[in-house]
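Asks: my questions concern the predicted model and sequence given below.
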Amino acid sequence: MIVSGMPEYLINCSMKKIVYTLIVLFAAVLAGCGGGEKTTLKIENVEFTLSGPLFEGSNPAQYTYAVDLKSILGDKYAEGSEITGAVLKSAQIIAADSANFDGINSFVVSLAGDNPDLKMVELAVLNPIAPGSTTVTLKPSLEANADDYFKEKQFYIVVDAGLAADMEEDITFKGSFEFELTYH
């Protein structure tokens, strides 16, 4: 049978080439979107201090994290490695000594940096905080990606405590953060 002036064997041959090409392209796209290898980074027991006098509302404290890919990736590090994805999986804040979080309504964890092109990104939040709490686990954002911060030399982990009222004394607490990193 001849369609549009072409013999059937040419039509079948052309269709096979098209299907084969689509399969190869699809496989290439899947391989390219694979995202690379994954690893976990734990930043644990980081101390934060809010220095009094403190005022009702937002009161931030920060920790400077120096990015060292060799240390982060360990024996998985290779020249040219880079972080292509960074998602906060967990954030926990622990009161110092015998204190609790009474008087604190909320915590927000964000990342900030020295690069003016990077906007602060909110990674986790907890609001409200149960009275008498000494340890709280924040809810990580499902959408926030912090990979650009891991391309910098350093960044700041900012913990913003929402106070219910003014306070004169300092507030000290520790934070532990777990990131899932994708790298090539």
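Replies: Done, it's in. Since the structure is predicted, the reported quantities are computational estimates derived from the model, not experimental observations.
Asks: the domain parsing of this structure - what is it?
Replies: What automatic domain parsing lists as the domains of the chain is 2-31, 36-183.
Asks: pick the most deeply packed of those.
Replies: Compared across the domains of the chain, domain 36-183 shows the largest average neighbour count, a mean of 15 (mean count of other C-beta atoms under 10 Å). Glycine gets a C-beta too; all of them are placed from N, C-alpha and C.
Asks: how far is it from where the chain is centred?
Replies: 10 Å (C-alpha atoms, centre = their mean, to the nearest Å).
Asks: looking at that domain now, give me its mean pLDDT.
Replies: Mean per-residue pLDDT for domain 36-183: 96.
Asks: the helix or strand harbouring residue 176 pairs with which strands, and in what direction?
Replies: In this structure, residue 176 sits in strand 171-183 according to DSSP states H and E. When sheet partners are counted by DSSP bridges, strand 171-183 sits next to strand 37-50 (antiparallel), strand 83-95 (antiparallel).
Asks: run through who's touching the last one.
Replies: Contact partners of strand 83-95, identified using C-beta atoms under 8 Å, 6 or more residues apart in numbering, comprise 35-36, 40, 69, 72, 101, 107, 109, 123-124, 133-138, 140-141, 144-147, 149-151, 159, 173-184.
Asks: at 7 Å instead, please
Replies: Residues outside strand 83-95 that contact it (C-beta atoms under 7 Å, 6 or more residues apart in numbering) are 35-36, 101, 107, 109, 123-124, 134-138, 140, 144-147, 149-151, 159, 173-184.
Asks: picking up where we left off before, redo the strands paired with strand 171-183 as TSV? Include distance to residue 117.
Replies: Listed next are those as TSV, based on distance: least, C-beta to C-beta, whole Å:
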stretch	distance to residue 117
strand 37-50	23
strand 83-95	17
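Asks: ok, now which ones touch the closest residue to residue 103 other than its chain neighbours?
Replies: Nearest in space to residue 103, with sequence neighbours left out and distances taken as C-beta to C-beta, 6 or more residues apart in numbering, is residue 164 at 5.3 Å. Residue 164 makes contact with 56, 103, 105 under the criterion C-beta under 7 Å, 6+ apart.
Asks: my guess is the second one meets residue 163, correct?
Replies: Read that as residue 103. Yes: with contact defined as C-beta atoms under 7 Å, residue 103 reaches residue 163; the gap is 6.2 Å.
Asks: roughly how far does the residue nearest the centre of the chain sit from residue 101?
Replies: Central residue of the chain (C-alpha atoms, centre = their mean): residue 87, 2.8 Å from the mean position. Relative to residue 101, residue 87 is positioned 26 Å away (C-beta to C-beta, to the nearest Å).
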